[in-house]
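Colleague: Here's my sequence, what's the structure:
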Amino acid sequence: MVRHVIDRDALPYAPDKLPRKEPCGIDGFLAVDLRIGTIVSAEPFAAARKPAYRLRVDFGPAVGVLETSAQITHYAIATLIGRRVVGALNLGERRIAGFKSQFLVLGALAPDGQAHLLAADGAPPDGAPIA
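Modeller: I've put the predicted structure just below:
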């Protein structure tokens, strides 16, 4: 049996190694458009440098369906379809390997950098703002 030894000091997102960020105030927080959406499709993003999926997420009638690239390949694609997620919609678009990523899907970072998707409790509708 091979045992892997992990150096905690080398982990980029170890919670006990990350200091709090500077205050941004309520206006800074409210400036970010955070909303609930439902993943309607997911597929491997072969052109990305790091393993990633291309996601299409429905953010309800006022916003519609937006696309993003996400490094969440530890999730099986079948488990992502229909999953509720939280997205930051107004951070600007980004080109990733020729693909236009329109929002940032949010996740909690494990110490090894793996993102665990955030979701809302209950059943708020797609497009519901995060407060």
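Colleague: going forward, measure contacts between C-alpha atoms and count neighbours the same way
Modeller: Noted.
Colleague: And for T68, nearest residue in space, chain neighbours not counted?
Modeller: Nearest residue to T68, sequence neighbours excluded (C-alpha to C-alpha, 6 or more residues apart in numbering): S101, at 4.2 Å.
Colleague: Going along the chain from the strand ranked longest in the chain, find the next helix or strand for me.
Modeller: For the chain, the longest strand by residue count, based on DSSP state E, is strand 34-44. Later in the chain than strand 34-44, the nearest helix or strand by DSSP states H and E is strand 53-58.
Colleague: partners of that next one in the sheet?
Modeller: Looking at strand 53-58 with DSSP bridges, its partner strands are strand 34-44 (antiparallel), strand 65-70 (antiparallel).
Colleague: for these, which one sits closest to R83?
Modeller: strand 34-44 (5.5 Å; C-alpha to C-alpha).
Colleague: Show residues contacting the closest one.
Modeller: 51-60, 77, 80-89, 119-120, 124-130 (C-alpha atoms under 8 Å, 6 or more residues apart in numbering).
Colleague: Please tabulate the strands paired with strand 53-58 in CSV, including the columns mean neighbour count.
Modeller: Below are those laid out as CSV (neighbours: other C-alpha atoms under 10 Å):
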stretch, mean neighbour count
strand 34-44, 21
strand 65-70, 22
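Colleague: helices and strands of this structure: which one has the lowest mean pLDDT?
Modeller: For the chain, counting by mean pLDDT, DSSP states H and E, strand 94-96 ranks last in confidence among helices and strands (a mean of 91).
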